[in-house]
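1. Structure of the sequence below:
(2 chains)
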Amino acid sequence: MDLTFVYLALILLLAIYLGFELISKVPATLHTPLMSGANAISGITIVGALLAAGSGESTTLATWLGAAAVIFATINVVGGYLVTDRMLGMFRSRTDKSDE
Amino acid sequence: MLNLVAINAAYIVAAGLFIFGLKMLGHPASARRGNLLSALGMLIAIVVTLLSQGILTWHWIVISAFIGIIIGAAAARFVAMTAMPEMVAVFNGFGGAASLLVAWAALFDSHALFVAITVTLSVIIGGVTFAGSVVAWSKLSEVMASKAIVFNGQRIVNSLLLLALLACAVMFCLEPSAQSPYLYGIIGLALILGVFVVIPIGGADMPVVISLLNSYSGLAACAAGFAINNIILIVAGSLVGAAGIILTNIMCKAMNRSLGNVLFSGFGAVKTAAKVEGEVKPISAGDAYLILEAANSVTFVPGYGMAVAQAQHVVCELGELLEAHGCEVSYAIHPVAGRMPGHMNVLLAEANVSYDQLVEMDDINPRIAAIDVAVVIGANDVVNPSARNDEGSPIYGMPIINVDEAKTVFVLKRSMASGFSGVDNPLFMGPNTRMLFGDAKASISEIISEFKP
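-> Here you go, the predicted model:
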């Protein structure tokens, strides 16, 4: 454990701060899409899952764990982004409606 | 094959896209593009990872990803908007489970103490998230009773669970291994803890729980990022963690309760509320039509009951008819209306209400006295004046939409049963309140038919 930890902790700190700044500006109307969209982002674990599933480990357990993680994370990513898009497509302003 | 610098550079681009995507979610007009940007960031992160030297075998990846894509796409396509809370709950759980598994697999690469500690964290948070989300899902989808389940000695059991978990964690970190019995202990205990954390929470408090589990799923990814030394997991995970915490905080404020109170005490009627007495004045759909037709401004106040009655489409139709009559129509939405943050807004948007008509509690309250008719549909506690006047009421202090100050209030209700919290509502006996009994969808359809000659 060298300086890497310090860098990672610094990144963590900045990201949390940025998260607070950004999310507190999202209006209540969009809280459900915000949640499902954030959910899709938390599917970023897929990166770790892919590395575990494809590492060609000698033990089968590691591969199995990775494969299961890929399934869960893919559902999260694909389902999360698609359903968020479906929801946001329903939000229309008065001017959008009169254009139809 | 990409080298480490190129991979991390691409991860930074992906992180930037997540951040811009979230920023664009700040307004309904740009939100959809924001979501696309965020998805693009995810795609970049995935493609770059697949091109890295770490990937040696492909068949498991292809099979698992295929299964995941099919399930995810089908769920997203077919889920009803009324069932969004369940869907988000279960997806939170999947995120937690994925992080748990990734952290576990990381132990095959390294047994360093730092890795062991972060793996432990990730497994605990991931396990609690997964089990808690499954319980939240079963409560929301009524697979199990949505009431709070409270038993004697619950706190003692939870404390013992935590102690056992801590003991396992210490033992595991002293001698980390992917097949350590202590690791299995940690996983098992985290799952049990997840169940015990969510069962004492009742249906009306679900918005808080979903927000919190959302936050946990991000934190689990973040911890897994530390375990496998991957910056994109840390950045994305903490963004989600922050988002969940903010929503949790907003929900708690909207109920005037602390997070601790929501998590550890089933909704208790510790104080005795003043008995509500008065006369209930019913109204027929025909008379309601006459009043609405003459009104210049109408605001609809929806609650979870609107979703249950599937009344959102007829509500919107009535709103359009009123607008055609020259009436100003708005929809006032309490932050905790429904079973997740912003749930009512999505249902109304689906029913074709434009987002500039969706008004927040703090915007409607200052001008509610000028509103001719407030129509309450399936909402109860969020419009209960006891929260303002009656210090003995369990919901005292909770911010509400002050519909009782509007010139006339219609309350659509199936019968005179009390709301989710079991608290009496003096609004129903108010001098300017008229009760329209019956199924909300049927009542509104009846009013609509009066409009059409």
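2. The residue nearest the centre of chain A sits in which helix or strand?
-> Within chain A, the residue whose C-alpha comes closest to the C-alpha centroid is A:Ile41; the distance, by C-alpha atoms, centre = their mean, is 0.9 Å. Under DSSP states H and E, the secondary-structure element containing A:Ile41 is helix A:31-42.
3. Where does pLDDT dip in chain A?
-> Counting by pLDDT under 70, the ranges of chain A that qualify are A:1-2, A:57-58, A:97-100.
4. ok, longest helix in it?
-> Of all the elements of type helix in chain A, the one with the most residues (DSSP state H) is helix A:3-23.
5. can you give me the strands for chain B?
-> B:297-302, B:328-333, B:358-360, B:373-377, B:408-413, B:433-437 (DSSP state E).
6. and those strands, which is most packed in?
-> strand B:373-377 (a mean of 28; mean count of other C-beta atoms under 10 Å in any protein chain shown). From N, CA and C alone the C-beta is placed, and that goes for glycine too.
7. Okay, now the sheet partners of that one, with direction.
-> Strands that pair with strand B:373-377, judged by DSSP bridges, come out as strand B:297-302 (parallel), strand B:408-413 (parallel).
8. mean confidence for that strand?
-> Across strand B:373-377, the average pLDDT comes to 93.
9. Kindly report the same for stretch B:57-76.
-> The pLDDT scores in stretch B:57-76 average 92.
10. Quickly check: it near chain A or not.
-> Yes: on the criterion C-beta under 8 Å from any C-beta of the partner chain, stretch B:57-76 is in touch with chain A at B:57-58, B:60-61, B:63-65, B:67-69, B:71-73, B:75-76.
11. Might you name the residue of the stretch 251-400 of chain B sitting closest to chain A?
-> Proximity to chain A, evaluated over the stretch 251-400 of chain B using C-beta to the nearest C-beta, is greatest for B:Gly342 at 3.1 Å.
12. Wait, that residue touches A:Gly37, no?
-> No: look at B:Gly342 against A:Gly37 with C-beta atoms under 8 Å: they stay out of range, at 11.6 Å.
13. So for those two, which sits in the more crowded spot?
-> Ranked by neighbour count (other C-beta atoms under 10 Å in any protein chain shown), B:Gly342 and A:Gly37 place A:Gly37 first, with 30 against 27.
14. what about that one, distance to chain B?
-> 5 Å (C-beta to the nearest C-beta, to the nearest Å).
15. Leaving out chain neighbours, which residue sits closest to that residue?
-> The shortest distance from A:Gly37 to any non-neighbouring residue, by C-beta to C-beta, 6 or more residues apart in numbering or on different chains, is to A:Thr84 (4.4 Å).
16. What count of nearby residues applies to the spatially closest residue to B:Ser64 that is not a sequence neighbour?
-> Computed as C-beta to C-beta, 6+ apart, the closest residue to B:Ser64 that is not its neighbour in sequence is A:Val70, at 3.7 Å. Here the neighbour count serves as a burial measure; for A:Val70 (other C-beta under 10 Å) it reads 30.
17. Quick check, central residue of chain B?
-> When C-alpha atoms, centre = their mean is applied to chain B, the residue found nearest the centroid is B:Met340 (2.8 Å).
18. neighbours around the spatially closest residue to that residue that is not a sequence neighbour, how many?
-> Taking C-beta to C-beta, 6+ apart as the measure, B:Met340 lies nearest to B:Pro85, with 4.1 Å between them; neighbours along the chain are not counted. When neighbours are defined as other C-beta under 10 Å, B:Pro85 has 26 of them.
19. What residues does the stretch 351-453 of chain B have near chain A?
-> Taking C-beta under 8 Å from any C-beta as the criterion, the contact residues of the stretch 351-453 of chain B with chain A come out as B:352, B:354-358, B:360.
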